[in-house]
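J.: build me a model:
(chains A and B)
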Amino acid sequence: MPAKAKPHDQRKKVLVLVPFPMSGEHLDMRIAQSRTLDFGPGIEFHYKPVKWAGTNFVGPYDYVIGDLTMLEAGLKAQDDGYDAVCIDTMSDSGVAALRAVLDIPVVGPGRATILTAMLLGDKFGMLVMWDRWLGLYKKVMDELGVWHKYVGYQSIDTPPDRFSLLGGEEKVVFPKLLKAGERLVSENKADVIILGSTSMHQARDFLAENLPVPVISPGPLSYGVAQMLITQKLAQSRKAYPRPVGRSDVYLHAMLDAAAAAAKTGPKVLGSEGAKAAPAARKSR
Amino acid sequence: MAKALVLVPFAMDAQGVANRRAQMKGVRLGPDIDFDFKPVTAGPEMYVSPHDFVLMDMAIFEAGLEAQNDGYDAVCIDSMSDSALDALRSVLTIPVIGPAKASMLFALMLGNKFAILCQWEYAQIRTIKLVRSLGLEPFCACVENYDVRPDYVNLMTGKEDETFPPMLAACERAIARGADVLILGSTTMHQAHEWLSQRLPVPLVNPGPLSYKLVETVLGLGLTHSPKPYPKPLVEHYDMIHAMMQAAAKVPKGRRTT
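T.: As a prediction, the model looks like this:
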């Protein structure tokens, strides 16, 4: 009679790729997303930051870097025994490329939240911290062709801190977000609200309790979708995400190692640099 | 004399670049503009998968980052992927033209519904996605493929007899499906443009030469892209980006995977 597998062996593992290099308390704030909902004992989430990144994702420049850094970070996920990959950014950076090289499900919160919002209501709106995030959603909505389901956004126009998230700012930020959320419902006529960033997860419960429509927190939603896909034994279509003729793992690792090495010689950029840095400052020379 | 830079999307030798430069024969330009062709430092070997698209974006981005500092007045991307078009527009104020977006919009000046002719299914899949992303699905009759593997360096040289007839058949299928303007789905197909044009009852847009003419036109009109949809980065990391592509270029051929 075959030995019964221990419960731990049956546990599914999901790799969450974090779009900026970070550790310690900053990484813990990202990890906290997996504790906002009860995913049960059968699944665990491991977080892996990229080797190097640009700054906040505010435009096409950052999206090109984000695609590459996330692809490199996730290349080995399947070999390392993971059952799914999630991307901790609404930009869905690297999702299409990772779907092309991995057979396990790869879930981007951008596409997952928009499609879930349409499942829960007719029209959705975005509640954002900062106007400069709007380009993040354009890419996904262009790809899906769902602009006619989007009622627009409301912003509190507060440049975010991608490391400390909303820590310490709750008393100031939460009421502003609530007012903006109310405008999204009353003026824009949203019947589902999507939080514009995975970094806003700390505000989700407060907003959900005080707003009359569903509020989707993109990070935990993507974990739920990953869990469902694992359970259903489903993954991305190979037809839509064709494999490359040859993978470029060595190439990609060399590129990111070189970028990380070059970054060490430049000034460190931390926190809510967005507010202070515009217009673009050339930090690397 | 205005100077434009054409970014060639694969790392290739002088003969490969010359094959790309031959697109210049497909357009009549004034005497006041000149074009340089520059291959990327490193990049993907093929262009069939989203894995390759990410590499191509970064390769073309890196190759074009310094165009304005190097004295160029405009940039063209020599690929119907329009790779890195938005990213380059976010860092350059000189015009940056991608042939895919340009040729689809231009086709609509000549007719009501366009069709795009692709080499094989891989190109067809990504072209359908691009048409949707641009919001041009209502104006696209179809995307056809003629099922011949592309050669990004030697193009169609020596393979005209086996390639041109299936291309023509695919064009005829597209016309039967309602297309009144056709677009070559790759700048590498330019060698077939004249042969096909002579046999087709509708206009056939040759995207590379079109992009050169557009560059001349926008420069002449004093126009460039709007900064609004292409916001500048908060912080630039050019040294890291150059370091990445130089590191990739040092990886020996055949050692990319493991």
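
J.: show me where chain B has its strands.
T.: B:2-8, B:33-39, B:74-77, B:96-97, B:114-118, B:140-145, B:181-184, B:204-205, B:235-236 (DSSP state E).

J.: how about these, which one is nearest chain A?
T.: strand B:235-236 (4.6 Å; CB to the nearest CB). (Glycine included, C-beta is placed from N, CA and C.)

J.: strands of the stretch 151-285 of chain A, start to end?
T.: All strands of the stretch 151-285 of chain A, identified by DSSP state E, counting those that start in this stretch, fall at A:192-195, A:215-216, A:281-282.

J.: chain center to the longest helix anywhere in chain B: distance?
T.: Assignment by DSSP state H gives helix B:160-176 as the longest helix of chain B. Centroid separation between helix B:160-176 and its chain, computed with CA atoms, centre = their mean, to the nearest Å, is 21 Å.

J.: what mean pLDDT does it have?
T.: The pLDDT scores in helix B:160-176 average 95.

J.: can you pull the buried residues of it?
T.: B:Thr163, B:Phe164, B:Met167, B:Leu168, B:Ala170, B:Cys171, B:Ala174, B:Ile175 (16 or more other CB atoms under 10 Å in any protein chain shown).

J.: do stretch A:257-268 as well
T.: A:Asp257, A:Ala258, A:Ala259, A:Ala260, A:Ala262, A:Ala263.

J.: what average pLDDT does that stretch get?
T.: According to the model, stretch A:257-268 has a mean pLDDT of 79.

J.: for stretch B:208-216, same thing?
T.: 95.

J.: need the buried residues of helix B:160-176 in JSON lines with distance to chain A, can you?
T.: Converted to JSON lines, those look like this (distance: CB to the nearest CB, whole Å):
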{"residue": "B:Thr163", "distance to chain A": "20"}
{"residue": "B:Phe164", "distance to chain A": "25"}
{"residue": "B:Met167", "distance to chain A": "22"}
{"residue": "B:Leu168", "distance to chain A": "27"}
{"residue": "B:Ala170", "distance to chain A": "20"}
{"residue": "B:Cys171", "distance to chain A": "25"}
{"residue": "B:Ala174", "distance to chain A": "22"}
{"residue": "B:Ile175", "distance to chain A": "26"}
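
J.: contacts only, for the closest residue to chain B within the stretch 151-285 of chain A.
T.: The stretch 151-285 of chain A approaches chain B most closely through A:Ala258 (3.5 Å), counting by CB to the nearest CB. By CB atoms under 8 Å, 6 or more residues apart in numbering or on different chains, the contact list for A:Ala258 reads B:Met240, B:Ala243, B:Met244, B:Gln246, B:Ala247.

J.: among those, which are within reach of chain A?
T.: Checking the contacts of A:Ala258 against chain A by CB under 8 Å from any CB of the partner chain, the ones in range are B:Met240, B:Ala243, B:Met244, B:Gln246, B:Ala247.

J.: closest to B:Glu137 out of those?
T.: Nearest to B:Glu137 among the ones next to chain A among the contacts of A:Ala258, counting by CB to CB, is B:Met244 at 35.0 Å.

J.: chain neighbours aside, what residue packs nearest to the closest one?
T.: A:Met255 (4.0 Å; CB to CB, 6 or more residues apart in numbering or on different chains).

J.: mind listing what that neighbour touches?
T.: Per CB under 8 Å, 6+ apart, neighbours of A:Met255: A:Leu68, A:Glu72, B:Met58, B:Met244, B:Met245, B:Ala247, B:Ala248.

J.: try it again with 6 Å
T.: Going by CB atoms under 6 Å, 6 or more residues apart in numbering or on different chains, A:Met255 touches B:Met244, B:Ala247, B:Ala248.

J.: of the residues you listed, buried ones?
T.: Neighbour counting over the contacts of A:Met255 (16+ other CB under 10 Å) leaves B:Met244, B:Ala247, B:Ala248 as the buried ones.

J.: pretty sure the last one is touching A:Tyr251, no?
T.: Yes - counting by CB atoms under 6 Å, a contact exists between B:Ala248 and A:Tyr251, whose distance comes to 5.1 Å.

J.: report the central residue of the chain.
T.: All of this is about chain A. Centroid-nearest residue in chain A: A:Thr89, 2.1 Å away (criterion: CA atoms, centre = their mean).

J.: not what I meant, chain B
T.: Most central in chain B (CA atoms, centre = their mean) works out to B:Ser79, at 2.1 Å.

J.: sorry, back to before: give me the subset of the ones next to chain A among the contacts of A:Ala258 lying in helices.
T.: Short answer: these in helices (DSSP H) are B:Met240, B:Ala243, B:Met244, B:Gln246, B:Ala247.

J.: out of these, which is nearest to B:Leu196?
T.: Among these, and counting by CB to CB, the member closest to B:Leu196 is B:Met244, at 39.2 Å.

J.: would you map the helices across the chain?
T.: I'll assume chain A. A:7-10, A:24-31, A:60-74, A:95-101, A:109-120, A:134-144, A:170-186, A:204-210, A:218-232, A:249-264, A:273-277.

J.: chain B, not that one
T.: B:14-21, B:50-64, B:85-91, B:99-110, B:121-133, B:160-176, B:193-197, B:207-221, B:238-249.

J.: looking at these, which is closest to A:Leu102?
T.: Counting by CB to CB, A:Leu102 lies closest to helix B:50-64 out of the helices of chain B; the figure is 10.1 Å.

J.: check what contacts that closest one and list those residues.
T.: Helix B:50-64 has contacts (CB under 6 Å, 6+ apart) with A:64, A:67-68, A:71, A:96-97, A:100-101, A:241, A:244, B:7, B:9, B:38, B:40, B:43-44, B:46, B:75, B:83-84, B:87-88, B:241, B:245.

J.: the same query, at a cut-off of 7 Å, please.
T.: Residues from elsewhere that reach helix B:50-64, judged by CB atoms under 7 Å, 6 or more residues apart in numbering or on different chains: A:64, A:67-68, A:71, A:94, A:96-97, A:99-101, A:241, A:244, A:247-248, B:5, B:7, B:9, B:38, B:40-44, B:46-47, B:75, B:77, B:81, B:83-84, B:87-88, B:241-242, B:244-245.
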